[in-house]
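1. Quick one: sequence plus predicted model below, questions after.
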Amino acid sequence: MSTTTSHTPPESEKQPEDAEGPGGRPARLIQNEATTEIPVHLLFRDGPDPVTVSLKPAVVARRQGAGEQPRLRRQVPVRSRPLPEVDPELVERPARVLPGAAGVLAGACGATGCLAASWWAGLLPPGVLEALRLPASVGAGLGPAQWAAYAGAGALGLLGFGGLARGRTGGAWVLGLFGRYRGTVRRTGLLWVNPLVLRRRVDVRLRHWRSEAMAAADPDGMALRVVVLVVWRVRDTARALLGIEDHETYLSECVEAALARVPVEPGGGTQGGVTAAGETLTRLVAEETAPVGLEVFAVRPVRVEYAPEVAAVMHRRRIAALDARQRSSMLSSVVDSVEDTVTRLTVRGLVELDDYERKVLVRDLTVAFCSGRGEPS
């Protein structure tokens, strides 16, 4: 008599009964501890109107102790964030100024008004009246009218003479009034500028800056000390003076940051390597300083040497490499000379040599040539 035993799957292995697919069919799910749940009806559909469904790739978890090697993730290049833009309204624009003759004329009118007010009040001494050929005044002293004339003439004179400025070639004035940018003066000669504005002079000529020894690295990662020469100028005076605190300090820090990113060939390297490093440094520094109104034309390493902590070791390594190159060159020259000598002797029929005699002759000639050339210094 046999007994039938029904096997009831555990609750965790039962398929969900409430999940239904299209058409009222139950949706079967592929699930286990190594994969995510993917509905089968999305992969195999036989309906009359198939619908395109975009699926994300399932992420398969690695089982512990299964002996599988971890999947290497592809390195995504990190893009440097763009530099923040300076205030877009802070752009250089010409300031409103007048020719210097207008200031001189206004000052002269003010001085003349003060002199006339003094004559009107009867304050001019007789000697001055005679020198200026003025009639004697019958003024009774300083009154409200005389004080008003003094104030008006004095203010006109101060505005006229106080606003005179001299514009120089290669320089500019950045004007500001009550903390607001009012424009830039690049004109030369005698000018009249509002005496109430704040003037800041800036040099806009082409400038050369030679840095101190800065830290850098060669292509092998060895520490270097590099001195660079930077050719630059101020292109936008408003951004250079008002956009940052100190544009010269900012330029030096940009050069130092670029040296930390670009490998530089040491003093024994090829000139092409130094030129390529200079072009890369120029491009990087120009991109970083353009938003603040600076124009960089060239960044060139003028002195490249190893840091003191590695200088002795690298010096010995360079001497050894130079010695090896000289020995290789000498050996190639000796071999060519021996080959040419043996070939000429054989072709001209001066000697007939078998293999053993040829080897002996080559050995003797090699020793003789090496001894004649001497040891490389």
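-> That came through fine. Numbering: from 1, shown residues only.
2. quick one: contacts for the spatially most central residue of the chain?
-> Among the residues of the chain, the one closest to the centroid is Val285, at 2.3 Å (CA atoms, centre = their mean). Neighbour list for Val285: Val230, Leu251, Cys254, Val255, Ala258, Val296, Val299 [criterion: CB atoms under 8 Å, 6 or more residues apart in numbering]. No exception for glycine: its C-beta is placed from N, CA and C like everyone else's.
3. Tell me how far the fifth one lies from Arg210.
-> Counting by CB to CB, to the nearest Å, the gap between Ala258 and Arg210 amounts to 16 Å.
4. So if I had to pick from those two, which one is more boxed in?
-> Between Ala258 and Arg210, counting by other CB atoms under 10 Å, Ala258 is the more crowded of the two (23 against 10).
5. Am I right that Leu350 sits in a helix?
-> No: checked against DSSP: H, G, I helix; E, B strand; the rest coil, Leu350 lies outside a helix; its state is coil.
6. And it, its phi and psi?
-> Torsion angles at Leu350 (phi, psi; degrees, to the nearest 10) stand at phi -70, psi -30.
7. in the longest helix out of those in the chain, what's buried?
-> When the chain is parsed with DSSP state H, its longest helix is helix 308-347. Judged by neighbour count (16 or more other CB atoms under 10 Å), helix 308-347 contains these buried residues: Met314, Met330, Val334, Ser337, Val338, Val342, Leu345.
8. cool, and stretch 134-153?
-> Gly139, Leu142, Gln146, Ala149, Tyr150, Ala153.
9. Now do that stretch: everything it contacts.
-> 109-114, 116-117, 119-124, 126, 128-129.
10. Ala277 - how many residues pack around it?
-> 26.
11. State the pLDDT value of it.
-> Ala277 carries a pLDDT value of 87.
12. Figure out how far stretch 284-303 is from the centre of its chain.
-> 6 Å (CA atoms, centre = their mean, to the nearest Å).
13. What are the buried residues along that stretch?
-> 284-286, 288-289, 291-294, 296, 298-301.
14. Tell me the buried residues in stretch 253-268?
-> Quick answer for stretch 253-268 (16+ other CB under 10 Å): Cys254, Val255, Glu256, Ala258, Leu259, Val262, Pro263, Val264, Glu265, Pro266.
15. ok but the last one is inside a strand, no?
-> Which is Pro266. No: judged by three-state DSSP, Pro266 forms no part of a strand; its state is coil.
16. For Cys114, see how far away it is.
-> In terms of CB to CB, Pro266 sits 73 Å off from Cys114.
17. picking that back up, in strands only, show me the contacts of stretch 134-153.
-> Taking DSSP state E, every one of the contacts of stretch 134-153 sits outside strands.
18. Spell out which helix or strand contains Gly152, please.
-> Using DSSP states H and E, Gly152 maps to helix 144-162.
19. sec struct for Leu175, please.
-> strand.
20. Just confirm it contacts Pro195, I think it does.
-> No: contact status for Leu175 versus Pro195: not in contact, 11.1 Å apart, counting by CB atoms under 8 Å.
21. helix/strand/coil for Val228?
-> strand.
22. Pretty sure it sits against Ala298.
-> No: applying CB under 8 Å as the test, Val228 and Ala298 come out as separate, 9.6 Å apart.
23. The residue nearest to the centre of the chain falls within a helix, correct?
-> Yes: if the criterion is three-state DSSP, then Val285 is within a helix.
24. And it, how far from Trp232?
-> Counting by CB to CB, the gap from Val285 to Trp232 is 8 Å.
25. Now do stretch 159-168, average pLDDT.
-> Stretch 159-168 comes out at a mean pLDDT of 92.
26. whoops, I mixed them up, stretch 299-316
-> 81.
27. do stretch 227-239 as well
-> Computed over stretch 227-239, the mean pLDDT rounds to 94.
28. Mind listing what's buried along it?
-> Val228, Val230, Trp232, Val234, Arg235, Asp236, Thr237, Ala238, Arg239.
29. got CSV for those residues, with distance to Gly221 too?
-> Output for the buried residues of stretch 227-239, formatted as CSV (distance: CB to CB, whole Å):
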residue, distance to Gly221
Val228, 20
Val230, 25
Trp232, 29
Val234, 36
Arg235, 36
Asp236, 38
Thr237, 41
Ala238, 42
Arg239, 37
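30. Need the max-distance pair from the residues you listed.
-> Val228 and Ala238 (27.5 Å; CB to CB).
31. okay, and for the stretch 251-377 of the chain, where does confidence drop off?
-> 267-273, 311, 314, 372-377 (pLDDT under 70).
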